[in-house]
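1. have a look; sequence and predicted model below, questions after that.
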Amino acid sequence: MVRTIIAGAAGRMGMRLVALTQETEGVLLAGAIERTGHSTLGKDAGDVAQVGKADILLSDDLLTCLAESDVVIDFTGPASCLANLEQVVKASKAMVIGTTGFSHTELTQLKTFAAKIPCVFSPNMSIGINVLVNTIGKIAKALGETYNIEVIEAHHNKKKDAPSGTALKLAEALADGMGWNLEEVAVYARHGITGERKTREIGMQTIRAGDIVGDHTVLFGGPGERIEITHRAHTRDTFARGALRAAEWVVQQPPGLYSMGHVLGLE
């Protein structure tokens, strides 16, 4: 039984993770963490997630919870995630990170800390999207530079970072497949007189509207034809189930920074 702590347990993803721990064989909810001062502190995590009592109270004391756990799943924010990661490292536990929006400096910190423990870090825990990330670079390479590449992503109007971490991961895979440096070829939206499109360019388009869970499309526009590959997440449970699968996997691994590709046997 994998004893699991959910960080950000009262958030949109956190509540679904709490709910699914109650029905996932092999996973036990061992702790539910929220930030200091949060209105749900002291309440039952299952009640907050609207799935009935889980007999785990929301707490802001991660360190105490770590003593009785194996792994932490974190879908919070960059600053709180890094603070949680530091405590997990001190306790020599495992961690699954689905948090996005890290700056380059924060990513460097994350990679430095995460390498000291078994840690899975992925901007998208969906099994389908990770299969796509693993194959999209090969498709781009096969099509070649005569096909223009665009990445279009759509999310709900509460999402704080753009483009999404998943869109950036797809763009990185596309750039790697083409042998390009993403920082040199990425174009984030367009406005005004932009001139003709460059051959070596990956367009990044962002949509924020309503309650869209997560849509990602990679478009290849070539001479006489267009290829569109789309992944749509219909529910946050898609990500939550992937995170729980990662949690069960990572507790059996030696220290190191892993991706969902490792969890799924794709890398």
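-> Yep, it's here.
2. for the stretch 51-200 of the chain, what spans make up the helices?
-> Secondary structure of the stretch 51-200 of the chain by DSSP state H, counting those that start in this stretch: the helices cover 62-66, 78-91, 104-114, 127-143, 165-178, 182-185.
3. alpha carbons of the shortest one, as CSV, please.
-> Looking back up the chat, that one is helix 182-185. Output of helix 182-185 as CSV, limited to C-alpha atoms (Å, rounded to 0.1, in the frame of the first residue of the first chain):
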residue,chain,number,x,y,z
LEU,A,182,13.2,25.9,-29.3
GLU,A,183,14.3,29.2,-27.8
GLU,A,184,15.4,30.3,-31.3
VAL,A,185,12.3,29.0,-33.3
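4. against which helices or strands is it packed?
-> Here helix 182-185 touches helix 165-178, going by 3 or more C-beta pairs under 8 Å, 6 or more residues apart in numbering; DSSP states H and E. Where you see a C-beta, it was placed from the backbone N, CA and C, and this is true even at glycine.
5. hang on, the earlier thing: out of the helices of the stretch 51-200 of the chain, which is the most enclosed?
-> helix 165-178 (a mean of 22; mean count of other C-beta atoms under 10 Å).
6. what is that one packed up against?
-> Helix 165-178 packs on helix 127-143, strand 148-155, helix 182-185, strand 202-208, strand 214-222, going by 3+ C-beta pairs under 8 Å, 6+ apart.
7. hmm, back to that, columns mean pLDDT on top of the helices of the stretch 51-200 of the chain, output as TSV?
-> Shown next, in TSV, are the helices of the stretch 51-200 of the chain (pLDDT from 0 to 100):
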stretch	mean pLDDT
helix 62-66	96
helix 78-91	97
helix 104-114	95
helix 127-143	95
helix 165-178	95
helix 182-185	96
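8. how about the ones you listed in JSON lines, adding distance to residue 45?
-> Converted to JSON lines, those look like this (distance: least, C-beta to C-beta, whole Å):
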{"stretch": "helix 62-66", "distance to residue 45": "11"}
{"stretch": "helix 78-91", "distance to residue 45": "16"}
{"stretch": "helix 104-114", "distance to residue 45": "25"}
{"stretch": "helix 127-143", "distance to residue 45": "25"}
{"stretch": "helix 165-178", "distance to residue 45": "26"}
{"stretch": "helix 182-185", "distance to residue 45": "39"}
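9. show me what contacts residue 62?
-> For residue 62, the contact set (C-beta atoms under 8 Å, 6 or more residues apart in numbering) comprises 5, 7, 31, 33, 72, 84, 87, 88.
10. output the helices and strands packed on helix 165-178 in CSV, with distance to residue 52 appended to each entry.
-> Shown next, in CSV, are the helices and strands packed on helix 165-178 (distance: least, C-beta to C-beta, whole Å):
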stretch, distance to residue 52
helix 127-143, 28
strand 148-155, 30
helix 182-185, 45
strand 202-208, 33
strand 214-222, 27
